[in-house]
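Q: have a look at this prediction, sequence included:
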Amino acid sequence: MSWVYIFSGPPDRLYTVGHYSPDGKWHPDSDWSDQAAARLQCRWLNGGNDLREDDDDNSMPAIAELNAAGLAALNDPDLDERSR
């Protein structure tokens, strides 16, 4: 089994991490507002680490940091509903 992410599109604009069972049924794991965070979550669930392998100076934020930033953006009352 491999973990992947899908983009839900408007109006939610979320990246949902999950996997497909052999019968083709989708099994969601988590939602992310940021594509990079969803990609890192997939990497971690597939047995990798939460930093880019080529990131020698650790400049790529960890999954938790990306998720916190994404959740803050989703909860920003100043965002126009149409832009979410």
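A: That came through fine. Quantities reported herein were computed from a predicted structural model and do not represent experimental measurements. Numbers count the residues shown, from 1 in each chain.
Q: only C-alpha atoms from now on, for both contacts and neighbour counts.
A: Noted.
Q: which residues of the protein score low on pLDDT?
A: Within the chain, the segments meeting pLDDT under 70 span 50-84.
Q: let me see the ranges of the strands in this structure.
A: Per DSSP state E, the chain carries strands over the ranges 4-7, 15-20, 26-32.
Q: what's the most buried one of those strands?
A: Mean neighbour count (mean count of other Cα atoms under 10 Å) peaks for strand 15-20 among these, with a mean of 20.
Q: check what contacts that strand and list those residues.
A: Contact with strand 15-20 is made by 1-8, 26-35, 38, 41-42, as judged by Cα atoms under 8 Å, 6 or more residues apart in numbering.
Q: about what we covered before: nearest to residue 47, of the strands of the chain?
A: strand 4-7 (12.6 Å; Cα to Cα).
Q: neighbours of residue 22, how many?
A: Here the number of neighbours of residue 22 (other Cα atoms under 10 Å) works out to 8.
Q: got the phi and psi for it?
A: Here is the backbone geometry of residue 22 (degrees, to the nearest 10): phi -60, psi -30.
Q: contacting residues for it?
A: Contacts of residue 22 (Cα under 8 Å, 6+ apart): none.
Q: let's see that with 10 Å instead.
A: Residue 22 makes contact with residue 1, according to Cα atoms under 10 Å, 6 or more residues apart in numbering.
Q: quick check: it vs residue 49, distance?
A: Using Cα to Cα, to the nearest Å, residue 22 is found at 26 Å from residue 49.
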